[in-house]
Structures are given as structure tokens and as C-alpha cells.
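In: Okay, structure incoming, though there's no sequence with it:
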């Protein structure tokens, strides 16, 4: 712990903080918590009872870790051979009880979580995942290695996400879903396997996306999911028929890079777009 900040922090007498750990100002560490020697924790962060933060882990300001969370531990990956890898967490993220966040496989690689996220109890984030800003993962949601979750995604409880899947921004995933393919931005998916059932109209409205952009997204969604075109043809038609905006451009960019394929439309699709 940095000597200059020692008097500004509240460290319980039973906590274990290894030499080399760097704690910012006004950090709280609860009973029986363990902070490893290569950990950096930003100002105002609260580490609750029995939390273990280890590995090469960097945590931002004003985060909160609830009891029994485990952050920065070695990945559950047979390819891992002890290399130096990282967990990086942004500012104001809340990590609830018994959450596990593992560092990456591969020398110098990262598992990264953004700002203002809420990871509810027993969430698991595996090695090499990239989670954006303002993401909510409900209880017992679990994402496998190399998953990418863009900004403002909501993942329902007890959902399982296959490795290398990408979930586009402002998407919503229903509880107990099984994701084996990419989730198109701004959509709602649900089921096992997950199917697209409409636009996430409430989510994109709350995100401040304009009514004009929402109208264009709805048009693009209908071409993708209701026209009968394959993805490559739908991209071509959207480019021709839908006026460009930031959201439509991202929608198309995501489709062009959906290497695993996308969640296709489900039976309830016509009721939700």
C-alpha cells in the first residue's frame, strides 16, 4: 500500500494487503479481504469482506466489491501456463456477491470491464472477455472466454454465453437464454438457443437515441429479420434503402463482422419490432 495514502484508507485489521499493492485515497478494505502484490485500486473503491483480488489487476475509482467476490485469479483454461496477463476494471462498477472475474490467457492479454457496470451475484466473466460501459449482468449470468459485450447491454439471469460470441450495444438478452451466435445491436433475444424477438425499443429510447434514428433502426431490423434475405443480401438492401446514421452504421458494421453468425428471428418477432 502506498505510504502517502495509508492514513486516508479504512483497512480492517484482519485484511491481508501484500507489499507492492497500490491503493488510492479513501479506499476501504473489509474483514478477511486479500489484496495481492500486483493489484492497483483507485480512489474511493470499497472492497468488502472476504473479497480476493489477485493477479495483475487494475481497478478504477469508486467501485464496490461485495463479499466473496474473486477478481484476477488464473483463468479456467488449459492453454494457460502462468503467463503475465491482466484484469482491468473501470470506474464506478459494482461487483456483487461471489462474482468471479478471471485474468486473460496469453502473455500481456487482458480481461477488461468498463465503467458503470453492475455485475449481480454469482456472475462469471471468463478469460479474455471485453465488457463495455453501463452493462448489467443479472444473477448467475456467465460468459465464456473471449466474449465481447458492447455498451449498455443487459444480460438476464442464468444466461450462458458461448466462447467468442459478440453481443452488440443496447441489446437485451432474456433470462435463462443460451447464446451460441452473435446478438445484433439494439435487439432483444431470448430462448435456448436464443432467437431475436424484436428491437430493444425501451433500451434504445432510454439511451437517448433520437426518434429518427429509432425509425431507421426499425427499418433495418425489418429488412434483416422479415424480408427472407440472407445476411449478406440484407446488408446490401439496408445500405440501399435505409438512410445512414451512427446507429445504422454500427448495425451494419456489426453484421459484417459477425463471424459466428447471428441469432435468427423467433416466432414472437412480429410482435416486438
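Out: Structure's in. What do you need? This structure is a prediction, so every number in the text was calculated from the model and none was measured.
In: Now do the contacts for residue 193.
Out: Shown in contact with residue 193 (C-beta atoms under 8 Å, 6 or more residues apart in numbering): 178, 179, 180, 181, 263. Where C-beta positions appear, they are placed from N, C-alpha and C, glycine not excepted.
In: if you set the cut-off to 10 Å instead, what comes out?
Out: The contact partners of residue 193, by C-beta atoms under 10 Å, 6 or more residues apart in numbering, come to 162, 177, 178, 179, 180, 181, 263, 264, 266.
In: now for stretch 11-21, what's the gap between its first and last residues?
Out: 13 Å (C-alpha to C-alpha, to the nearest Å).
In: What residues of it count as buried?
Out: Within stretch 11-21, the residues that qualify as buried are 11, 15, 17, 21, counting by 16 or more other C-beta atoms under 10 Å.
In: I'd assumed residue 32 was in contact with the first one.
Out: No: with contact defined as C-beta atoms under 10 Å, residue 11 does not reach residue 32; the gap is 11.9 Å.
In: For stretch 83-101, buried residues please.
Out: For stretch 83-101, using 16+ other C-beta under 10 Å, the buried residues are 85-101.
In: wait, stretch 150-161
Out: So, applying 16+ other C-beta under 10 Å, buried residues of stretch 150-161: 150, 151, 152, 153, 154, 155, 156, 157, 159, 160, 161.
In: Strands - which of those land there?
Out: 154, 155, 160, 161 (DSSP state E).
In: so what's the closest residue in space to residue 175 that isn't next to it in sequence up against?
Out: Closest residue in space to residue 175, ignoring its immediate chain neighbours: residue 156 at 3.2 Å, by C-beta to C-beta, 6 or more residues apart in numbering. Residues in contact with residue 156 (C-beta under 10 Å, 6+ apart) are 136-141, 172-177, 189-190.
In: picking that back up, could I get the ones in strands among the buried residues of stretch 150-161 in JSON lines, plus columns for pLDDT?
Out: Listed next are these as JSON lines, based on pLDDT from 0 to 100:
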{"residue": "154", "pLDDT": "98"}
{"residue": "155", "pLDDT": "98"}
{"residue": "160", "pLDDT": "98"}
{"residue": "161", "pLDDT": "98"}
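In: which of these sit farthest apart?
Out: Greatest spacing in these, by C-beta to C-beta: 154 and 160 (15.6 Å).
In: so which of the contacts of residue 193 is the most crowded?
Out: residue 263 (29 neighbours; other C-beta atoms under 10 Å).
In: give the contact list for that one.
Out: By C-beta under 10 Å, 6+ apart, the neighbours of residue 263 are 165, 167, 171, 173, 177, 179-184, 187-191, 193-197, 225.
In: before we move on, what about residue 181?
Out: 162, 165-166, 189, 193-195, 258-264.
In: thinking again about what came up before, select only the buried ones of the contacts of residue 156 in PyMOL?
Out: To isolate in PyMOL the members of the contacts of residue 156 that are buried, counting by 16+ other C-beta under 10 Å, one can use:
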select buried, resi 136+137+138+139+140+141+172+173+174+176+177+189+190
